[in-house]
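Engineer: Next one to model:
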Amino acid sequence: MSFKGVLIIIGIIALGVLITFGVEEIRFRAMNRALLTEAKSLKETNQRLQSRNDVLSEQTKALEAQLETKTQEYQEQISQLEEEVKRLEAANQNTKTLRAEVRTLQESNQTLRAKNDDFSKQIETLEAQLEAKTQEYEKEISHLQEERSNLEGKISQLQGIINKARAILALED
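Structural biologist: Residues are numbered from 1 along each chain as shown. Below you'll find the predicted structure:
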């Protein structure tokens, strides 16, 4: 090979190297532009996300404040409801006690009704006996009065019997 041939080959190789460097530089620049564009896009996205983050952070703070307010309201309501439950439980216990007392009174009333019925029957029996005795005594008094009019001499004796009869009547009334 001649010197010219070597120079041509070296020239071709140099040209290949230059082309390679040029392509690499073009690729590097294109990549750099793409990276710059992507970085710019990422910065914009980052700014949008930061802005969105700020908005969401404010919303979160507002919601936390609302949550705190609602929590306090619910805690107050829960406390009131717990007091109401305690009051209702006490009222329920009082109701149970009253029901037991009512049952006891009902049983007592039934017992008293039965006794009253017995007393009513006894009264009816005693009234019938009293009526019979009254009639008996009235007959006796009538008989004694007849004897008195017939036997004036025995007035004092009859007066004792009448007083006895009256005493007996007074005891049985």
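Engineer: gap between stretch 67-86 and the chain center?
Structural biologist: 15 Å (CA atoms, centre = their mean, to the nearest Å).
Engineer: and R113, what helix or strand is that in?
Structural biologist: Using DSSP states H and E, R113 sits in helix 3-150.
Engineer: and the helix or strand that that helix is followed by, average pLDDT?
Structural biologist: With elements assigned by DSSP H and E, the helix or strand that comes after helix 3-150 is helix 155-172. Per-residue pLDDT values over helix 155-172 give a mean of 76.
Engineer: Only alpha carbons, please: show helix 155-172 as CSV.
Structural biologist: Output of helix 155-172 as CSV, limited to C-alpha atoms (Å, rounded to 0.1, in the frame of the first residue of the first chain):
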residue,chain,number,x,y,z
ILE,A,155,-143.9,-5.3,137.2
SER,A,156,-140.7,-5.1,139.1
GLN,A,157,-139.8,-8.6,138.2
LEU,A,158,-140.7,-8.0,134.6
GLN,A,159,-138.7,-4.8,134.6
GLY,A,160,-135.6,-6.7,135.6
ILE,A,161,-136.1,-9.2,132.8
ILE,A,162,-136.6,-6.4,130.3
ASN,A,163,-133.5,-4.6,131.5
LYS,A,164,-131.6,-7.9,131.1
ALA,A,165,-133.0,-8.3,127.6
ARG,A,166,-132.0,-4.8,126.7
ALA,A,167,-128.6,-5.4,128.1
ILE,A,168,-128.2,-8.5,126.0
LEU,A,169,-129.4,-6.6,122.9
ALA,A,170,-126.9,-3.8,123.7
LEU,A,171,-124.1,-6.4,123.9
GLU,A,172,-124.9,-8.0,120.6
